[in-house]
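> let me see the structure of the following:
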Amino acid sequence: MYFFKVKCYCLTFILGFKVFVDMDVICIVGPTSSGKSYIAHNVARRLREIGIESEIISCDSVQVYKYFDIGSAKVSVELRKEFPYHLIDILEPDEGRFSAGDFRKRFDEIVFNLVKLRKI
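Residues are numbered from 1 along each chain as shown. Take a look at the predicted model:
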């Protein structure tokens, strides 16, 4: 499992113009069932302890769909109440495909909004 901070270049629109915004993002990556969600949640807790607000963005291709709880290892609803989680349970299973491009667009919007709110 890897834990690192990266520069993220998000495409957004400001006053009708396309703008790339440079921002830092903490990434936790690793194989399936390696504890990434657990670590992300605990990192968010630690950040809160030192006065830094954060939110968690799931990058799992299955967790975007509602009702796909078994086999996707979604964070419990109880834990999701402690911190905002993004891109979990956002689509009905019959809404069609959610492409990498769709994901990137939503990811960029979320990160851009977090930066405006001064969150990680």
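> what's the pLDDT at the residue sitting nearest the centre point of the chain?
For the chain, the residue nearest the mean C-alpha position is I57 (0.9 Å; Cα atoms, centre = their mean). Listed pLDDT for I57 reads 93.
> please list all residues in contact with it.
Applying Cβ atoms under 8 Å, 6 or more residues apart in numbering to I57 gives the contacts 85-87, 107, 110-111. The C-beta positions use only the backbone N, C-alpha and C, and glycine is treated the same way.
> V25: which of those residues is nearest?
Lowest distance from V25 to the contacts of I57 (Cβ to Cβ) belongs to V111, with 6.2 Å.
> surely that closest one and V25 touch.
Yes: between V111 and V25 there is a contact under Cβ atoms under 8 Å: 6.2 Å.
> higher neighbour count, the two?
V111 (23 against 16; other Cβ atoms under 10 Å).
> next one: phi and psi at the more buried one?
V111 has phi and psi values of phi -60, psi -40 when expressed as degrees, to the nearest 10.
> got it, and the one 3 residues further on?
Dihedral angles phi and psi of L114 (degrees, to the nearest 10) take the values phi -60, psi -40.
> for it, what are its contacts?
Listed by Cβ under 8 Å, 6+ apart, the contact partners of L114 are 55, 120.
> swap in 7 Å and give it another go.
Listed by Cβ atoms under 7 Å, 6 or more residues apart in numbering, the contact partners of L114 are E55.
> what pLDDT does it get?
For L114, the pLDDT comes out at 86.
> cool, and Y9?
53.
> repeat for A73
According to the prediction, A73 has pLDDT 82.
> can you count the residues close to it?
15.
> against K105, how distant is it?
25 Å (Cβ to Cβ, to the nearest Å).
> same question, R97
Distance of R97 to K105, given as Cβ to Cβ: 14 Å.
> those two: which is more packed in?
K105 (13 against 6).
> angles on the backbone of that one, please.
Main-chain torsions, K105, degrees, to the nearest 10: phi -60, psi -50.
> ok, it to D89 distance?
From K105 to D89 the distance is 18 Å (Cβ to Cβ).
> please apply the same query to S99.
Distance of S99 to D89, computed by Cβ to Cβ: 18 Å.
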